[in-house]
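Trainee: kindly generate the corresponding structure for this input.
(2 chains)
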Amino acid sequence: AQTIHQWPVAEIKAVGSPLSLGCTIKGKSSPNLYWYWQATGGTLQQLFYSITVGQVESVVQLNLSASRPKDDQFILSTEKLLLSHSGFYLCAWSSRTGGARAEQFFGPGTRLTVL
Amino acid sequence: GQQVQQSPSSLVLQEGENAELQCNFSSTATQLQWFYQSPGGSLVSLLSNPSGTKHTGRLTSTTVTKERRSSLHISSSQTTDSGTYLCALTGNTRKLIFGLGTTLQVQP
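Mentor: Predicted coordinates for the structure are as follows:
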């Protein structure tokens, strides 16, 4: 069975400080990986997706970046946090086969508070 | 672009009552998923139903592709069903577009 792990569970950071959020998927080879973000009271928005190691596509510009250093790992980061970065970050995966038809499965999320 | 509208925005039921949640979308959906979002924020995938009718436990989803709508029926609601139900779909890309959700409160 596939498992998806995100770290940290929660983070409180100062404006202007750096950030790194991580996501690991076990039990699935070569998955498509995604980062989603939800502001408090808002809708979930896809930020990035990756179909293979080293390849990341940006969907929404939020002064964040993402990288996929390994097949099973997806990293979200920024060098300078903004207040508007606060919210809930979710990592998701889908099977490479199926394209847009593939179901997406989500991790437990990281709650970020920027002060 | 694709838009997803969910109704009602909130719903209060007595335990044992049935719930009917609606999802309307503006363009063809290639994949459609229903999620439960806990008060803590985590997402649980309930059903994948881009067309037709699917059942799992007390949940039934019906998607009418031509009419661009999907419903989620919860039978015999329980207090533990309380939370937010999200409809999300893809079009031609892998980008899941989410609705704002229906917040369900089931009272004992």
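Trainee: C-alpha only now, for contacts and for neighbours.
Mentor: Noted.
Trainee: which residue does chain A bring closest to chain B?
Mentor: A:Ala100 (4.4 Å; C-alpha to the nearest C-alpha).
Trainee: who's in contact with that residue?
Mentor: B:Thr30, B:Gln31, B:Thr90, B:Gly91, B:Asn92, B:Thr93, B:Arg94, B:Lys95 (C-alpha atoms under 8 Å, 6 or more residues apart in numbering or on different chains).
Trainee: quick one, phi psi at the last one?
Mentor: Taking degrees, to the nearest 10, you get phi -80, psi 120 for the backbone angles of B:Lys95.
Trainee: where does the residue of chain A closest to chain B land in three-state SS?
Mentor: helix (DSSP: H, G, I helix; E, B strand; the rest coil).
Trainee: okay, it: pLDDT?
Mentor: Looking at A:Ala100, its pLDDT reads 80.
Trainee: can you tell me how far it is from A:Ser94?
Mentor: 9 Å (C-alpha to C-alpha, to the nearest Å).
Trainee: what does chain A put close to chain B?
Mentor: A:42-46, A:88, A:99-103, A:105-109 (C-alpha under 8 Å from any C-alpha of the partner chain).
Trainee: give me the buried entries from those.
Mentor: Buried by 16 or more other C-alpha atoms under 10 Å in any protein chain shown: A:43-46, A:88, A:99-103, A:105-109, out of the residues of chain A next to chain B.
Trainee: narrow the residues you listed to those in helices?
Mentor: Among those, none falls in helices (DSSP state H).
Trainee: of all those residues, which comes closest to B:Asn18?
Mentor: Nearest to B:Asn18 among these: A:Thr43, at 25.6 Å, using C-alpha to C-alpha.
Trainee: mind checking the SS state of the residue in chain B that chain A sits nearest to?
Mentor: Relative to chain A, the nearest point of chain B is B:Arg94 (4.4 Å; C-alpha to the nearest C-alpha). Following three-state DSSP, the label given to B:Arg94 is coil.
Trainee: surely it touches A:Thr97?
Mentor: No - applying C-alpha atoms under 8 Å as the test, B:Arg94 and A:Thr97 come out as separate, 11.3 Å apart.
Trainee: can you select the buried ones among the contacts of A:Ala100 for me in ChimeraX?
Mentor: Filtering these down to the buried ones (16+ other C-alpha under 10 Å) takes a single ChimeraX command:
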select /B:30,31,90,91,94,95
